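Peer 1: I'd like to go over a predicted model; first the sequence, then the structure.
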Amino acid sequence: MPTPNQKTVLIEVDSNSWVPPAQPPQSLTAAAGSGPFALDLDAALVFIGLWTRSPTTQGFTLADCWAWLRYFSAFSTATPLRLCEDWSHVDPHQKTVASDELGVGLTTWVLHQTLGFQRFSDTNWVMNVLSPGLWRYHTQSRRGPSKSPDYIAEDSSGGLSVVECKGTQSSLAELQRAVDRGRPQKQNVVPKGGNVLIHSLVAGAYIPQWSSNDPATVRIVDPEWEAVNEELRKHSVEDIRASTKQVAYAKELAFFELAESARSLVRAGEEPTKPALALDRDIRSRRSAGAVSGDTVTFTREHTWSMPIKHGDNDYVGIRLTATLDLDSLKPMRRRSAQVDARESIAEATAATEWRESRDDKSMLLTSPIGAAYTVEWLSRS
């Protein structure tokens, strides 16, 4: 039986945006040429919670839970990805917010599935971790063509890419314009300590309204490859790769409210706590709060609605998100060698692991490279 949130989207790859001799990766062109792409919307919503959250925010779980609280019931029950009829009456401002967030979730999940991207680390936080002068910014505008790109992404082989994410619910034409507007943004980061980036992508998602006749589409371009590489070929990427891992690791620790540990890893504040000491303090704090049972940190949120959503033979009346993290997976961070610099420990902890997914007709389990397990369950009356 089809699972509740399995959807289909089309993938478009602008092959002309790759400047010869560069070519689009075969995995992308194959996905674009094979018809509708099977997208796990549950997983994409979890990715929104992870990649849009700040590693230093404390005291609320909006970033972690907003996506599935707000958007689980926003989509049509049909297999092609489409917003439901009721969503048509949502305020335009809320639609804009949804487009931004869904643009991140859909595109990062598609890039994970097609290119093997394992982590997406905010460019600004990566720079904050890197030594002064390692990166050069042309400008640090928050909007417009001169803003920094969203993420530095690392794939399963350790390759690094720059990724800018876009999203729209207006039209396919607006998706094209959004992607075009994003093209110059990724050139604003010019590393002084890195080799050639594997990709410098702008990826946009079009999420159709109920009344639209156009299909949901993820469009990917890689413009002006050579212009970026010309600057990057001079340098090594070891520090960039290590910092990218560190920021992604911190975001997951922040998800479990291991706040001091996350702040120490992204070097927030003038005198951040040593990582191993911060982690020990966080674990003691979470244990006293009842969030640690035995050797497992647990995070649970549940949401129900009055009108059930019907899929197949089941009426679903809510969803539950349960996240667990085994403290054994944090052992590298707690070693004496991690007292000052946790980079080697993080690299060891994530070296041989990738995201893994499993599911049945009522639940989905995502396991991250650090061993965190994110389970989404659809709740029925029976």
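Peer 2: That came through fine.
Peer 1: For P80, grab phi and psi.
Peer 2: phi -60, psi 130 (degrees, to the nearest 10).
Peer 1: Please apply the same query to P24.
Peer 2: Dihedral angles for P24 - degrees, to the nearest 10 - are phi -60, psi 140.
Peer 1: Likewise for the one 10 residues further on?
Peer 2: Torsion angles at S34 (phi, psi; degrees, to the nearest 10) stand at phi -100, psi 10.
Peer 1: Next: Q169.
Peer 2: Dihedral angles (degrees, to the nearest 10) for Q169: phi -110, psi 10.
Peer 1: hang on, it packs against A205?
Peer 2: No. The pair Q169 / A205 is not scored as a contact, 9.5 Å apart, by Cβ atoms under 8 Å. No exception for glycine: its C-beta is placed from N, CA and C like everyone else's.
Peer 1: and these two? which has more neighbours close in?
Peer 2: Comparing Q169 with A205 by other Cβ atoms under 10 Å, the one with more neighbours is A205, at 30 against 23.
Peer 1: Tell me which helix or strand that one sits in.
Peer 2: Assessed by DSSP states H and E, A205 sits inside strand 199-206.
Peer 1: The helix or strand that that strand is followed by - what's its average pLDDT?
Peer 2: Toward the C-terminus, strand 199-206 is succeeded by strand 217-221 as the next helix or strand (DSSP H and E). Across strand 217-221, pLDDT averages out at 93.
Peer 1: With stretch 280-293 instead?
Peer 2: 89.
Peer 1: picking that back up, now for the strand holding A205, which elements pack on it?
Peer 2: helix 92-115, strand 160-168, helix 172-182, strand 217-221 (3 or more Cβ pairs under 8 Å, 6 or more residues apart in numbering; DSSP states H and E).
Peer 1: I'd like the distance from the third one to the chain centre, please.
Peer 2: The offset between the C-alpha centroid of helix 172-182 and the centroid of the whole chain comes to 21 Å, using Cα atoms, centre = their mean, to the nearest Å.
Peer 1: go on, stretch 17-32?
Peer 2: 22 Å.
Peer 1: List the buried residues in it.
Peer 2: 17-18, 24-25, 28, 31-32 (16 or more other Cβ atoms under 10 Å).
Peer 1: Next: stretch 203-221.
Peer 2: Result for stretch 203-221 [16+ other Cβ under 10 Å]: buried residues 203-209, 212, 216-221.
Peer 1: Mind putting the residues you listed into CSV with distance to S243?
Peer 2: Shown next, in CSV, are the buried residues of stretch 203-221 (distance: Cβ to Cβ, whole Å):
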residue, distance to S243
A203, 22
G204, 26
A205, 27
Y206, 32
I207, 32
P208, 38
Q209, 40
S212, 41
A216, 34
T217, 33
V218, 28
R219, 29
I220, 25
V221, 26
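Peer 1: Which pair in these has the greatest spatial separation?
Peer 2: The widest separation within the buried residues of stretch 203-221, taken as Cβ to Cβ, falls between Q209 and V221 and amounts to 23.9 Å.
Peer 1: for the stretch 201-350 of the chain, what spans make up the strands?
Peer 2: 217-221, 292-293, 296-311, 314-326 (DSSP state E, counting those that start in this stretch).
Peer 1: what's the most buried one of the ones you listed?
Peer 2: strand 217-221 (a mean of 24; mean count of other Cβ atoms under 10 Å).
Peer 1: could you give the angle of that one to helix 92-115?
Peer 2: 60 degrees (axes from the mean of the first three to the mean of the last three Cα atoms, to 10 degrees).
Peer 1: Please name every helix or strand in contact with strand 217-221.
Peer 2: Strand 217-221 packs on strand 6-13, helix 92-115, helix 172-182, strand 199-206, going by 3+ Cβ pairs under 8 Å, 6+ apart.
Peer 1: chain center to the first one, what's the gap?
Peer 2: Think strand 6-13. 17 Å.
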